[in-house]
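**Student:** Sequence and predicted structure below; questions after.
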Amino acid sequence: MIRGDECYIIAMSFNSIQFALFLPIVFLLYWLVFDKLIEKSRYQLQMQNAFVVLASYVFYGWWNKHFLVLIFFTSFSSWLSGLLIENAKSSKASKTWMVVNVVVNISILAFFKYYNFFITEFCQAFHVLSNKNLLKVILPAGISFYTFQAVSYSVDVYRKKTEATRDILAFFAFISFFPQLVAGPIERATNLLPQFLRKREFDQQQATDGMRQFLWGLFKKTVVADNCALHVSSVFYWSSRTVIPGSDLLLAAVLFSFQIYADFSGYSDMAIGTSKLFGVKLMQNFKFPYFSRNMAEFWRRWHISLNSWFRDYVYIPLGGSRVKKPVVVRNIFVVFILSAMWHGAGLNYILWGVYHALLIVLLFLLHKNRKNLDVVSSGRILPNLKETAQMLVTFMLVTFGWIAFRSDNLHFFFNYVSGMAQWGTLRATYRFFIQSDMWPINLFICLMLAVEWLQRDKEFGLDIQFIKYGWIRWAVYLAVSVMIIMVGGLPEPFVYFQF
């Protein structure tokens, strides 16, 4: 995670000054130059897509221009593989080209993601090298996201779920589209690619909706996530160096639950909102997961693009849930362990994956994994006691798992959990609601939860076009903007940039 001794900083993140300058320039060029001024050109769509690719490469290259070659290679190899798969003379040849592209791109991802981990573990086990002699491999931002997006295209062409495109510019735009390049959503070719194969028209209502969604995502990131991060980082840093009261440890774990949600869902809202400014519709990535009534519902609402990816390309091909129970249990563990490995190289991530697999297996064996498919408390303002208890229990189970996710290693995790195992830990409730130093964070979290609870049947928190009076809507936008400026925390890197 984002720790004091690590640096995962991308110069042009959505909450940066650089992006505040970059976005309007790209927006104006996109619609005024590459739409209106060349409207009658037969190459208008190609030029517009070429500009999308250029802008996306500038956006990514602002962090590290050297890794642009990886995006280019992944894009070109996947585009070419699609043509080879579709034009293969036999099903065996078609499958071979698909497998080659998948193996090559996953191997690149594995090298950058796991090289340091496995070499370090090997050296520590056999004492063959000192750490100072190791090659330190930098993890390219977003490589897990755009690799999965590219791989799914090859598989979908092989499965004949989509046709291979000959339009290389449209395909490069599909892979590198800057709003979702470094942290998703992980799009499918069936949804995003066709949008780059046809002319896009400016839609004022869609653009306005995009600005509302971006504003809400920015609020969650700066006001909630960044303020939580200050307290969380301090406690997690010092917990391994000195004795921290159990109540502080529990409180930091709870705050991290809100930090990672506000941070990641905030990014997704900003990515989706930015895409709408360019006439592009991305898939919804979060559906208010902390209002879930059990763990199965939570995983249907959390990081939807990744979880649906594993469902479609791993779980179902393994047999899904239409096989014998032991095989279903195996499939669940495979999916969650692979998901854990996708998130990071470390045994703490594996523990996190196994923990969630156990919870889902329990629900499956109790035949409760397909319950709660509707919106909680639909048609009512407040939840009943049963729903409230279910949501609280689910949140506590999720929070416990986040401790492993946030830990440096297994030793850190077990020390942290043992530190919470004391009677004084119960004081965390008092600290959160009563102690004055927690009032601002408490207020920000409660405000976010209240807004999203009232909007839980909508796409995002500021989806308020249903309000009749325009002055009320503008008053809300102004209040949110003022809070972002006045009480936003110190800028922190987005948590999922490191994946």
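**Tutor:** Alright, I've got the coordinates. Numbers count the residues shown, from 1 in each chain.

**Student:** Tell me which other helices or strands the helix or strand in which Phe148 is found touches.
**Tutor:** Using DSSP states H and E, the element containing Phe148 is helix 143-158. Where contact means 3 or more Cβ pairs under 8 Å, 6 or more residues apart in numbering; DSSP states H and E, helix 143-158 is packed against helix 68-87, helix 91-126, helix 168-176, helix 304-310. Using the backbone N, CA and C atoms, a C-beta is placed for each residue, glycine as well.

**Student:** And the next helix or strand past the last one?
**Tutor:** Helices and strands here follow DSSP H and E; after helix 304-310, the next one along the chain is helix 325-343.

**Student:** hmm, who's touching the next helix or strand after that next one?
**Tutor:** Next helix or strand after helix 325-343 toward the C-terminus (DSSP H and E): helix 347-365. Applying Cβ atoms under 8 Å, 6 or more residues apart in numbering, the contact partners of helix 347-365 are 294-296, 299, 321, 325, 328-329, 332-333, 335-341, 343, 369, 397, 400-401, 404-405, 407-410, 412-413.

**Student:** got the angle for helix 347-365 vs helix 91-126?
**Tutor:** For helix 347-365 and helix 91-126, the angle between their directions (axes from the mean of the first three to the mean of the last three Cα atoms, to 10 degrees) works out to 130 degrees.

**Student:** gap between the helix or strand following helix 347-365 and the chain center?
**Tutor:** Later in the chain than helix 347-365, the nearest helix or strand by DSSP H and E is helix 385-406. Taking the mean C-alpha point of helix 385-406 and that of its whole chain, the gap between them comes to 19 Å (Cα atoms, centre = their mean, to the nearest Å).

**Student:** about what we covered before: which of the contacts of helix 347-365 are buried?
**Tutor:** 294-296, 299, 328-329, 332-333, 335-337, 339-341, 343, 369, 401, 404-405, 407-408, 412-413 (16 or more other Cβ atoms under 10 Å).

**Student:** For Asn49, what is the enclosing helix or strand?
**Tutor:** Secondary structure here is read from DSSP H and E; on that basis Asn49 sits in helix 44-64.

**Student:** how big is the angle separating that helix from helix 143-158?
**Tutor:** Using the same axes, to 10 degrees: helix 44-64 against helix 143-158 is 150 degrees.

**Student:** what angle separates helix 44-64 from helix 68-87?
**Tutor:** An angle of 140 degrees separates the directions of helix 44-64 and helix 68-87 when computed by the same axes, to 10 degrees.

**Student:** Check which residues of helix 44-64 are buried.
**Tutor:** With burial defined by 16+ other Cβ under 10 Å, the residues of helix 44-64 counted as buried are 44-45, 48-53, 55-57, 59-60, 62-63.

**Student:** same thing with stretch 93-103?
**Tutor:** Buried positions in stretch 93-103, judged by neighbour count with 16+ other Cβ under 10 Å: Ser94, Trp97, Met98, Asn101, Val102.

**Student:** can I get the CA coordinates of it in CSV?
**Tutor:** As requested, the backbone C-alpha atoms of stretch 93-103 are provided in CSV (Å, rounded to 0.1, in the frame of the first residue of the first chain):
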residue,chain,number,x,y,z
ALA,A,93,-4.2,-22.3,-35.1
SER,A,94,-6.7,-19.8,-33.8
LYS,A,95,-6.3,-21.1,-30.3
THR,A,96,-2.5,-21.1,-30.6
TRP,A,97,-2.4,-17.4,-31.5
MET,A,98,-4.7,-16.6,-28.6
VAL,A,99,-2.6,-18.6,-26.2
VAL,A,100,0.6,-16.9,-27.5
ASN,A,101,-0.7,-13.4,-26.9
VAL,A,102,-2.0,-14.3,-23.5
VAL,A,103,1.2,-16.0,-22.4
